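J.: A predicted structure for the sequence below; I have some questions about it.
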Amino acid sequence: KAGVTQTPRYLIKTRGQQVTLSCSPISGHRSVSWYQQTPGQGLQFLFEYFSETQRNKGNFPGRFSGRQFSNSRSEMNVSTLELGDSALYLCASSLAGIAGGGSYNEQFFGPGTRLTVL
Amino acid sequence: KQEVTQIPAALSVPEGENLVLNCSFTDSAIYNLQWFRQDPGKGLTSLLLIQSSQREQTSGRLNASLDKSSGRSTLYIAASQPGDSATYLCAVKTSYDKVIFGPGTSLSVIP
């Protein structure tokens, strides 16, 4: 079974631009969560999508948005990029999502997209 | 507000030693706790998931315990190997359906 895939793996943008990152979950998983990882703040939860609906959201500004398609693939968009948005962006998939019970909420992570904002 | 801490921040041990990594959380109302390892510049690999009703989980040389009442979890690694060198993170799922990660413990196993 293929794991979680993320594209692109590396991205360089300049301030003010926007960027779209993509995540394909494990087949059969309906939940996709996004995280931002930086040396200073560690891993921080951005949002979770389940069955094309945003089910949960972290404390990030509205410049960060996402969506999920009917095949469970998810995209994350960051508009008006700032230098502080440079980070490793990770997505994770699970069967039932963060709100699911039992082992159905075990999260499996992709390799991440390294975003550098110049 | 749930806060997760991990001690120590970094650990260096000789190969073959048994070791314990600690994870503490401030709110005992959690649904589960998951341990991950992360290799430099890579994503996270799930190691063990402990449900709130469980006391421990084992996988190979790894054993994770959970004590909700004291807000603590430990990850025990037996007979450490150089390939175990990585950053180990714990994450708790809270009653508000959020996942909070600890800052991680950087482990180095010296051959």
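T.: Alright, I've got the coordinates.
J.: going forward, measure contacts and count neighbours with C-alpha atoms only.
T.: Fine.
J.: and residue 17, what helix or strand is that in?
T.: I'll assume chain A. According to DSSP states H and E, residue A:17 maps onto no helix or strand at all.
J.: residues contacting it?
T.: Neighbour list for residue A:17: A:79, A:80, A:81 [criterion: CA atoms under 8 Å, 6 or more residues apart in numbering or on different chains].
J.: What subset of those is buried?
T.: Buried subset of those (neighbour count, 16 or more other CA atoms under 10 Å in any protein chain shown): residue A:81.
J.: pLDDT and distance to chain B added to the contacts of residue A:17, as TSV?
T.: Output for the contacts of residue A:17, formatted as TSV (pLDDT from 0 to 100; distance: CA to the nearest CA, whole Å):
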residue	pLDDT	distance to chain B
A:79	95	24
A:80	96	25
A:81	97	22
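J.: Spatially nearest residue to residue A:70, not counting backbone neighbours?
T.: residue A:52 (6.4 Å; CA to CA, 6 or more residues apart in numbering or on different chains).
J.: next one: residue B:64
T.: Distances taken as CA to CA, 6+ apart place residue B:75 nearest to residue B:64, at 4.4 Å, with adjacent residues excluded.
J.: what's near enough to touch that neighbour?
T.: Per CA under 8 Å, 6+ apart, neighbours of residue B:75: B:20, B:21, B:22, B:35, B:62, B:63, B:64, B:65.
J.: could those residues go into TSV alongside pLDDT, distance to residue A:74 and secondary structure?
T.: Below are the contacts of residue B:75 laid out as TSV (pLDDT from 0 to 100; distance: CA to CA, whole Å; DSSP: H, G, I helix; E, B strand; the rest coil):
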residue	pLDDT	distance to residue A:74	secondary structure
B:20	96	37	strand
B:21	97	34	strand
B:22	97	34	strand
B:35	96	24	strand
B:62	97	33	strand
B:63	97	34	strand
B:64	96	32	strand
B:65	97	34	strand
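J.: Show me which of the residues you listed are buried.
T.: By 16+ other CA under 10 Å, these give B:21, B:22, B:35, B:62, B:63, B:64, B:65 as buried.
J.: wait, doesn't the fifth one sit right on residue B:76?
T.: In other words, residue B:63. Yes - using CA atoms under 8 Å, residue B:63 is in contact with residue B:76, at 5.1 Å.
J.: where along the chain do the strands fall?
T.: Just so you know, I chose chain A. With DSSP state E as the criterion, chain A has strands at A:5-7, A:10-13, A:19-24, A:31-38, A:42-50, A:53-57, A:64-68, A:74-78, A:87-94, A:108-109, A:113-117.
J.: Let me rephrase: I mean chain B.
T.: Using DSSP E, strands in chain B cover B:4-7, B:10-14, B:19-25, B:30-38, B:44-51, B:56-59, B:62-67, B:72-77, B:86-94, B:99-101, B:105-110.
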